[in-house]
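1. Structure for the following, please:
(one chain, ligands or ions: 1)
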Amino acid sequence: MKIGITCYPVMGGSGIVATELGMALAARGHQVHFISYALPFRLDRFRENVFFHEVEVSSYPLFKYPPYTESLAAKMADVMCRWKLDLLHVHYAIPHAPAAFLAKQIARDCRIKVITTLHGTDVTLVGSERSFFEITKFSVNESDGVTAVSEAIKKETIAVFGLDKHIEVIYNFVNTEVFKPDSNVCLRLPFTQDDHKIIVHLSNFRPVKRTADVVAIFRLIHAQVKSKLVLIGDGPDLALVEHLAKEYRIDDDVIFLGSQDSVESILPAADLFLLPSQTESFGLAALEAMSCGVPVIASRTGGLPEVVTHGLDGYLYEVGDVASMGKAAVELLQDSAKLTQMKAAARATAVNRFASDLLVKQYEDYYLSVITKKGNGNSG
Ligand code: GMT
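-> Take a look at the predicted model:
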């Protein structure tokens with residue numbers, strides 16, 4: 001197939017999933033065309049069957065706000081026809097689904113199918129915001145195929161938008177050959193000593209991640225277990241986290257790594273991963289940690305219970321229940337047999353349920369069903 005993919009090229013789960021999907025499809029012989037304003041950050045080197053089409057946005061002085069959606073739509077329409085794409089797969093509804101709709105109108109003669117994948121905040125936060133509501137609902141409804149990264153986000157999309165349309169759930173996935181346990185990795189982390197347990201959190205430090213809870217949980221762990229908290233990522237709440245670490249007098253044991261390109265070389269060093277988010281449609285960072293053999297303590301919210309099984313490969317508690325999360329973490333870190341068992345279970349979950357091969361095949365099958373289907377799947 002010839003497949004166009006549009007995503008946010010910056011760090012973030014939806015861009016990562018889109019890029020990994022594109023690379024995996026290209027490796028399986030499909031021709032993949034990324035259309036975005038920058039090279040997706042995991043697309044770090046030349047790969048066979050992968051093309052990149054940069055969207056340039058005009059900066060004419062009249063434009064207070066550069067017209068990105070229109071530039072994107074124009075580029076999509078151009079690539080669709082020039083390369084005779086079979087389908088365009090857009091990740092994250094806003095503004096990619098409206099741009100794809102517009103492109104499809106412009107390039108009507110090329111008869112391309114559009115698939116929109118809903119990643120979470122495009123429905124829960126952005127899409128349900130009043131001013132974006134109608135355009136998101138309209139463009140998702142007009143897509144020829146719609147996928148969601150968990151049952152939870154499918155349910156939420158139906159509740160928020162009242163869509164009368166089939167939504168296919170295709171879980172996010174991880175490359176288990178790249179994200180894998182590595183018993184030597186501690187040697188490469190100079191800030192840790194062998195007798196320290198390593199707790200990791202990785203996110204964009206937005207309020208939805210509840211990073212203040214990460215520090216509060218670590219405070220409880222630190223009081224009883226010799227440990228370090230390693231924080232990966234950057235975002236609006238980073239200053240708050242720094243402040244709290246100082247206030248709790250644990251800042252010597254909190255390590256800020258900032259944004260990192262190759263988290264697969266850090267995650268295997270962890271004993272535990274924390275993701276106490278307010279909501280999470282899937283929790284890709286948790287899955288990447290699990291694939292490296294790291295159990296997860298997370299909130300029982302959104303799609304996280306579809307990824308983490310309480311008591312098997314991690315623990316789930318209600319949002320904000322810092323006390324229970326801290327207690328479970330301490331008990332696990334102090335029980336080396338249980339910790340070893342949970343690390344193996346986390347890896348097994350990633351390999352058995354979320355390995356790229358399994359899920360990329362589901363996308364391939366879904367693409368074929370959409371390409372051969374007549375109409376856009378609306379039952380109304
Ligand atoms: O967390 C965000 O707002 C970023 C967003 C993204 O584009 O990366 O993350 C969402 O998509 C990821 C990939 O499907 C999911 O793993 C995250 O759970 C989801 N974030 C939320 O639902 C908060």
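
2. Flag every residue of the stretch 251-380 of the chain that's near the ligand.
-> Within reach of the ligand by CB under 6 Å from any ligand atom, the stretch 251-380 of the chain has these residues: 279-284. Using the backbone N, CA and C atoms, a C-beta is placed for each residue, glycine as well.

3. These in strands, which ones?
-> Within those, no residue falls in strands by DSSP state E.

4. Adding neighbour count and pLDDT, write these out as JSON lines.
-> Listed next are these as JSON lines, based on neighbours: other CB atoms under 10 Å; pLDDT from 0 to 100:
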{"residue": "Thr279", "neighbour count": "21", "pLDDT": "94"}
{"residue": "Glu280", "neighbour count": "29", "pLDDT": "95"}
{"residue": "Ser281", "neighbour count": "29", "pLDDT": "96"}
{"residue": "Phe282", "neighbour count": "25", "pLDDT": "97"}
{"residue": "Gly283", "neighbour count": "31", "pLDDT": "97"}
{"residue": "Leu284", "neighbour count": "25", "pLDDT": "97"}
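
5. what's the most distant pair in those residues?
-> Taking CB to CB, the two most distant members of these are Thr279 and Leu284; they sit 14.0 Å apart.

6. can you tell me if the helix or strand of the chain with the lowest mean pLDDT touches the ligand.
-> In the chain, no helix or strand scores lower on mean pLDDT, DSSP states H and E than helix 121, which sits at a mean of 83. Yes. Against the ligand, helix 121 shows contacts by CB under 6 Å from any ligand atom at Thr121.

7. Just give the nearest non-adjacent residue to the closest residue to the ligand within the stretch 101-250 of the chain, would you?
-> In the stretch 101-250 of the chain, no residue comes nearer to the ligand than Gly120, which is 2.6 Å away by CB to the nearest ligand atom. Spatial nearest neighbour of Gly120, chain neighbours left out: Ser281 (2.8 Å); criterion: CB to CB, 6 or more residues apart in numbering.

8. Asn175 too?
-> Excluding the flanking residues, the one nearest Asn175 by CB to CB, 6+ apart is Ser356, at 5.0 Å.

9. What residues does the one you found make contact with?
-> Each residue near Ser356 by CB atoms under 8 Å, 6 or more residues apart in numbering is listed here: 20, 24, 173-176.

10. So what sits opposite Val230 in the bridge?
-> Val200, Ile255 (DSSP bridges).

11. ok, now how distant is it from Glu331?
-> Distance, Val230 to Glu331, by CB to CB, to the nearest Å: 21 Å.

12. In the stretch 251-380 of the chain, what residue spans correspond to strands?
-> With DSSP state E, counting those that start in this stretch, the ranges of strands along the stretch 251-380 of the chain come out as 254-258, 272-275, 296-299, 314-317.

13. Point out the most buried one among the ones you listed.
-> strand 272-275 (a mean of 28; mean count of other CB atoms under 10 Å).

14. so where's the stretch 1-150 of the chain shaky on pLDDT?
-> 127 (pLDDT under 70).

15. and with 80 instead?
-> Residue ranges of the stretch 1-150 of the chain with pLDDT under 80: 11, 44-45, 124-129.

16. can you list the residues of it near the ligand?
-> 12-14, 17, 92, 119-121, 149.

17. 5 Å - rerun?
-> 12-14, 119-121, 149 (CB under 5 Å from any ligand atom).

18. Out of these, which two sit at the greatest distance?
-> Largest pairwise distance in these, by CB to CB, is 12.8 Å, between Gly12 and Val149.

19. between those two, who's got more neighbours?
-> Legend: neighbour count by other CB atoms under 10 Å for Gly12 and Val149, higher for Val149 (27 against 21).

20. ok, that one touching Leu287?
-> No. Under the criterion of CB atoms under 8 Å, Val149 makes no contact with Leu287, lying 10.5 Å away.

21. Between these two, which contacts overlap?
-> Jointly contacting Val149 and Leu287 under the rule CB under 8 Å, 6+ apart are Asn172.

22. This structure - how does it break down into domains?
-> Listed by automatic domain parsing, the domain ranges of the chain are 2-173+356-372, 185-353.

23. What lies in contact with the least confident helix or strand of the chain?
-> For helix 121, contacts defined as CB under 8 Å, 6+ apart pick out 208, 281.

24. now the helices: where do they sit in the protein?
-> Ranges of helices in the chain, per DSSP state H, are 13-27, 68-82, 93-106, 121, 130-142, 151-161, 211-224, 238-247, 284-291, 304-307, 322-333, 336-353, 356-372.

25. Just name the most buried of these.
-> helix 284-291 (a mean of 27).

26. could you give the angle of that helix to helix 336-353?
-> Helix 284-291 and helix 336-353 are oriented at 110 degrees to each other (axes from the mean of the first three to the mean of the last three CA atoms, to 10 degrees).

27. quick check: angle from helix 284-291 to helix 13-27?
-> 60 degrees.

28. Give the residue spans of the stretch 151-300 of the chain that score low on pLDDT.
-> Counting by pLDDT under 80, the stretch 151-300 of the chain contains low-confidence ranges at 183-195.

29. mind redoing it with 70?
-> 183-194.

30. which residues does the nearest residue to Ser259 once chain neighbours are set aside contact?
-> Closest residue to Ser259 apart from its sequence neighbours, by CB to CB, 6+ apart: Asp234 at 4.9 Å. Asp234 makes contact with 204-205, 258-259, according to CB under 8 Å, 6+ apart.

31. Considering those, which possesses the most neighbours?
-> Phe205 (21 neighbours).

32. so that one touches Pro236, yeah?
-> Yes. With contact defined as CB under 8 Å, Phe205 reaches Pro236; the gap is 6.2 Å.

33. Pull up the overlap in contacts between these two.
-> If you check Phe205 and Pro236 against CB under 8 Å, 6+ apart, no residue is contacted by both.
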